[in-house]
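Engineer: next input, structure requested:
(one chain, ligands or ions: 1)
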Amino acid sequence: MIEDILSPASISNNLDTRFIGQRVIYYPRLTSTMDVAKQEAQQGAAEGTIVVADEQTAGKGRLERDWLSPEGSIALSIILYPSLPHLPSLIMVASLAVVHSIEAVTGLKSQVKWPNDILINGRKVCGILIESEVRGDTVDYTIVGIGVNVNFRLSAFPEIQSIATSLYDELGREVSRLSLVQRLLAEIERLYLSLPAGRSVYEEWRDRLVTLGKRVQVKSGETVYEGIAESVADDGSLLLRRPDGSLTRIVAGDVTLMVN
Ligand code: BTN
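Structural biologist: Numbering: from 1, shown residues only. Model (predicted):
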């Protein structure tokens, strides 16, 4: 395996950012980078501080699911202090940054599946988990957690093999996690700083969604909706055209693409 330890010194070396990744908290092995990032944020860590691990033993996914982060993964959490209006855009920032950096470092094209999965050839290569503490109109902190399947073979994990992929499996060779992390941090900073300027992040995210125009089933809480994924609003919610012609707005959920 490529020896690319994601240590503070190696990540900071030639890192092209002003604040994201300028402080790195690194663990070879950790339960979840989300937990440490949360503690750091509660103690007022500088914006852009990242927590990174080579391996997580209790990685967290959305909707209380587990997230597998064996050796060879990228498991990263970034501490941000966005304004409340920018909060819904962070999933767009993170998704686009992952797509751009995977393409820049490997040449592979990936797609965004609403709300927060990054797919290559229909299989999940990256998941994003965003957790925020909000009080009234104030965001105390946000943690953007990103897990990328990089240098491991999915054949070693039969339980997710049919739905997931790794960069190794797609390319047939290993990828420098360090290059990918550095590029990802630079892309996140660039897109995050562009938010006050307007709609370009939303528009690019919308245009890259593989979900739109497809017949889908969406599970949101205990409710399952079916229809055509018609569009997304600029707050990130999905607009679903139901068989009776009505339009339903879904804020969070799990999408299954159906065979038309
Ligand atoms: C999902 O698709 O359900 C989201 C997965 C998010 C995984 C990342 S890995 C880094 C960070 N630490 C965690 O425990 N989870 C997120």
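Engineer: tell me the contacts of Gly61?
Structural biologist: By CB atoms under 8 Å, 6 or more residues apart in numbering, the contact set of Gly61 is Trp67, Gly127, Leu129. For the C-beta atoms, the positions are set from N, CA and C on the backbone; glycine is no exception.
Engineer: which parts of the host helix or strand of Ser101 are buried?
Structural biologist: Ser101 belongs to helix 90-106 when elements are defined using DSSP states H and E. Neighbour-count burial for helix 90-106 flags 90-102, 105-106 (criterion: 16 or more other CB atoms under 10 Å).
Engineer: flag every residue of the protein that's near the ligand.
Structural biologist: Residues of the chain lying close to the ligand by CB under 6 Å from any ligand atom are 32-34, 56, 59-62, 65, 67, 69, 75-77, 127-129, 145-147.
Engineer: one more time with 8 Å, if that's ok
Structural biologist: Within the chain, the residues that sit near the ligand (CB under 8 Å from any ligand atom) are 31-35, 53, 56, 58-63, 65, 67, 69, 73-77, 116-117, 124, 126-129, 145-147.
Engineer: selecting buried members of these in ChimeraX, what would you type?
Structural biologist: Buried residues within the residues of the chain next to the ligand, as defined by 16+ other CB under 10 Å, are selected in ChimeraX through the command that follows:
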select :32,33,34,35,53,56,59,60,62,67,69,73,74,75,76,77,116,117,124,126,127,128,129,145,146,147
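Engineer: and Tyr141, how many neighbours does it have?
Structural biologist: By the measure other CB atoms under 10 Å, the count of residues near Tyr141 is 20.
Engineer: now it, nearest residue through space, not along the chain?
Structural biologist: Ala41 (3.7 Å; CB to CB, 6 or more residues apart in numbering).
Engineer: tell me which residues touch that neighbour, please.
Structural biologist: Under the criterion of CB under 8 Å, 6+ apart, the contact list for Ala41 reads Ile79, Glu133, Asp140, Tyr141, Ile143.
Engineer: could you flag which of those residues are buried?
Structural biologist: Among the contacts of Ala41, those classed as buried by neighbour count (16+ other CB under 10 Å) are Ile79, Tyr141, Ile143.
Engineer: which residues sit in contact with the last one?
Structural biologist: Read that as Ile143. For Ile143, the contacting residues are Met34, Ala37, Lys38, Ala41, Ser77, Ile78, Ile79, Leu80, Ile130, Glu131, Ser132, by CB under 8 Å, 6+ apart.
Engineer: so the closest residue to the ligand within the stretch 101-250 of the chain is in which element?
Structural biologist: The stretch 101-250 of the chain approaches the ligand most closely through Gly127 (2.2 Å), counting by CB to the nearest ligand atom. In this assignment (DSSP H and E), Gly127 forms part of strand 123-135.
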